[in-house]
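>>> sequence below, structure please.
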Amino acid sequence: MQSKIRGAALELGFLDAKPATGHPFEVWHNRLMGSELGKYMSMEYDPAKVSGWPLKEITLWTAIAPTPPMADWPDGRGEIGGFYMRSGERQKLRDTWDDAVAALGYEIIRGVMLPERAVAIRAGLGVHGLNGLMIAPDYGSFVSIHVVLVHAALQKPYWRKRRKDMRRANWLNWPTAQKSLSGAVIKKRYFRSVIREIIKNL
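Alright, predicted model coming up:
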C-alpha cells in the first residue's frame with residue numbers, strides 16, 4: 001500500500017506523501033478548546049470517531065504540494081490573496097489524488113476536517129513552527145496539505161522490516177578474518193563456519 005499510494009501522489013506533482021497512525025489528536029484538541037476562538041470551531045480530532053472504523057484499521061495518508069510565492073503578483077493583491085487565487089487549482093489536485101487512492105481499491109473518506117498540519121507533522125513531513133505553522137524542508141510554510149483517511153492498517157516501514165530480515169538472516173554470515181603474525185589476511189571466514197567448527201570439536 002505505501003509505495004502505490006505515495007507513488008500516485010508523486011506522479012501528480014506532490015512533493016512527498018507519508019502515512020501516519022489514526023490516533024486521536026488530543027493534545028491539539030485540548031489546546032484548541034483552551035482558546036476563545038477554538039470553542040467555535042468544528043474540526044474533528046478523532047479519525048476513528050469520524051470514520052466508524054477501528055483504530056488499527058485506519059491510516060492517515062498526508063501529502064504536501066508546493067505553493068511558492070508567485071513571481072508576478074496581480075495589482076492590488078497580496079500574498080494571501082495570491083494563495084487563495086490558486087486554491088481552486090490545489091483542490092483539483094487533492095480530488096485527483098483521492099480518486100487515485102480509491103482506484104487502487106481502498107475505501108476512503110473525502111473532505112474530513114482533521115487538523116492537517118498536526119497530521120502532516122505526525123507523518124514526518126515537517127516540524128512545528130511559529131504561529132502554528134508547519135515548516136517543511138526546502139519550502140518552509142509555503143506548502144498545501146492534503147489528508148486522505150484510508151480504511152487500511154498502517155504497514156510497518158519497509159526499512160524496519162528490511163533491517164529485521166537482514167539482522168535475522170545475516171548475523172551468522174558476518175565476515176571475520178584469520179591473520180598472520182605480520183597482520184596479513186590469510187583467509188576470510190564467517191561466523192557460520194566458526195560455529196560449525198566449534199560444534200564439531202566438542
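>>> could you list the domains of the protein?
According to automatic domain parsing, the chain comprises the domains 2-151, 170-200.
>>> out of those domains, deepest packed?
For the domains of the chain, average neighbour numbers computed from mean count of other C-beta atoms under 10 Å are highest in domain 2-151, which has a mean of 16. Any C-beta I mention is one placed from the backbone N, CA and C, and that applies to glycine too.
>>> for the longest helix belonging to the chain, give me every contacting residue.
In the chain, with assignment by DSSP state H, the single longest helix is helix 87-103. When contacts are defined by C-beta atoms under 8 Å, 6 or more residues apart in numbering, helix 87-103 is touched by residues 5, 8-9, 12-14, 61, 63, 65, 67, 108, 110, 144, 146, 148, 150.
>>> could you rerun that using 10 Å?
The contact list for helix 87-103 (C-beta atoms under 10 Å, 6 or more residues apart in numbering) reads 1, 4-5, 7-9, 11-14, 17, 61, 63, 65, 67, 83-84, 107-111, 144-150, 152.
>>> just the strands in the protein please.
For the chain, the strands defined by DSSP state E occupy 16-21, 58-66, 108-109, 127-128, 134-135, 143-151, 175-179, 185-190.
>>> which strands or helices does the second one pack on?
In this case it means strand 58-66. helix 2-12, strand 16-21, helix 47-51, helix 87-103, strand 108-109, helix 116-123, strand 143-151 (3 or more C-beta pairs under 10 Å, 6 or more residues apart in numbering; DSSP states H and E).
>>> so what strands line up beside that strand?
strand 16-21 (antiparallel), strand 143-151 (antiparallel) (DSSP bridges).
>>> then stretch 29-38 to PDB, C-alphas only?
These are the backbone C-alpha positions of stretch 29-38, laid out as PDB (Å, rounded to 0.1, in the frame of the first residue of the first chain):
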ATOM      1  CA  HIS A  29      -7.800  19.400  20.600                       C
ATOM      2  CA  ASN A  30      -7.200  20.400  24.200                       C
ATOM      3  CA  ARG A  31      -5.100  23.400  23.100                       C
ATOM      4  CA  LEU A  32      -7.700  24.500  20.700                       C
ATOM      5  CA  MET A  33     -10.500  24.200  23.200                       C
ATOM      6  CA  GLY A  34      -8.400  26.300  25.600                       C
ATOM      7  CA  SER A  35      -8.600  29.300  23.300                       C
ATOM      8  CA  GLU A  36     -11.500  31.600  22.800                       C
ATOM      9  CA  LEU A  37     -11.900  31.100  19.100                       C
ATOM     10  CA  GLY A  38     -11.400  27.300  19.400                       C
END
